[in-house]
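Peer 1: Whatever this is, show me its structure:
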Amino acid sequence: MRLLVVEDDEELRAVLVRGLREAGHAVDAAGTLAEADELCAYTDYALVVLDLGLPDGDGGSLARTLRAAGRARILMLTARDRLTEKVAGFEAGADDYLTKPFDFPELTMRVRALLRRPVTVGGAQLEAAEVRIDTAARKAWRSGVLTPLTTREFSLLAYLMERLGEAVPRTELLEQLWDMNYDGLSNVVDVHVGNLRRKLDLNAPGTVLNLETVRGVGYRMHIDTTAPED
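Peer 2: Have a look, this model is predicted:
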């Protein structure tokens, strides 16, 4: 996953880029709204760290554009600490807000938390790392390639993506996606999880979206924020 830092202060921008790269992220940087617009036109960023006050315009306009596209999480970074300014930032589309000065560990913590969230691409679409689904059309894509799934496999994938980051009990999956009176000793969930891992190439080296077994509980789908960028 690639990040974009939009900050007009050259020294702070360099610190942000260096720190985020050391944390394992691929990072691009822009010092103006125009530079950011150009980068966003050619790259789908997983997250944008965005300064609200830029020399050639208000960062809120970029936030609104990104939110309309629905493909990037937005961490607003600004010296404006008034409540009205924070409200304006969230209304523009920010997912989180951090006021300068800040401690870098707090910023990286917020970045990790935001990257663990799925991104809503449209009213019926959900995206997490390499995988995107359309719940209305009941279709799934991995890295832009349509991946055929059975009805039950798709239902399982959608359920786990909606609960991204949570350990979902095997019994809950049986109750919600199969007959609730189904024999709890059955391995039907395990078989379908195995199919999803194989068809979507989950848990492969370098894959960002992982589907792990939580021993004694069930399964957890999560985004590995430490996975290397291709």
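Peer 1: Flag the shaky bits of this structure, pLDDT-wise.
Peer 2: Counting by pLDDT under 70, the chain contains low-confidence residues at 1, 70-71, 81, 118-123, 179-185, 226-230.
Peer 1: quick one, helices of it?
Peer 2: Ranges of helices within the chain are 10-22, 33-42, 59-69, 83-92, 104-115, 151-162, 170-177, 188-199, based on DSSP state H.
Peer 1: measure the nearest residue to residue 80 once chain neighbours are set aside to residue 97 for me?
Peer 2: Spatial nearest neighbour of residue 80, chain neighbours left out: residue 52 (6.1 Å); criterion: C-beta to C-beta, 6 or more residues apart in numbering. Every residue, glycine included, has its C-beta placed from N, CA and C. As judged by C-beta to C-beta, to the nearest Å, residue 52 and residue 97 stand 9 Å apart.
Peer 1: who has more neighbours, those two?
Peer 2: Of the pair residue 52 and residue 97, residue 52 is the one with more neighbours under other C-beta atoms under 10 Å, namely 22 against 19.
Peer 1: Report the contact partners of the more buried one.
Peer 2: Shown in contact with residue 52 (C-beta atoms under 8 Å, 6 or more residues apart in numbering): 58-60, 76-78, 80, 85, 89.
Peer 1: what sits up against stretch 64-75?
Peer 2: 4, 37, 40, 44-50, 63, 92-98, 107, 110-111, 114-115, 117, 119-122, 127.
Peer 1: got it, and stretch 206-222?
Peer 2: So stretch 206-222 is contacted by 1, 116, 128-131, 160-161, 163-173, 189, 193, 196-197, 200-203, 223-225, 227-228, 230 (C-beta under 8 Å, 6+ apart).
Peer 1: Report the separation between residue 171 and residue 213.
Peer 2: 15 Å.
Peer 1: same question but for residue 100, I mixed them up
Peer 2: 42 Å.
Peer 1: ok, back up a step: please indicate which of the contacts of residue 52 are buried?
Peer 2: Neighbour counting over the contacts of residue 52 (16 or more other C-beta atoms under 10 Å) leaves 59-60, 76-78, 80, 85, 89 as the buried ones.
Peer 1: Which segments of the protein make up each domain?
Peer 2: Per automatic domain parsing, the structural domains of the chain span 2-115, 121-223.
Peer 1: what separates the last one from the chain centre, distance-wise?
Peer 2: Taking C-alpha atoms, centre = their mean, to the nearest Å, one finds domain 121-223 lying 16 Å from the centre of the chain it belongs to.
Peer 1: coming back round to it: give the buried subset of the contacts of stretch 64-75 as a ChimeraX selection command.
Peer 2: A single ChimeraX command selects the buried members of those (16+ other C-beta under 10 Å):
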select :4,37,40,45,46,47,48,49,50,63,92,93,94,95,96,97,98,107,110,111,114,115,119,127
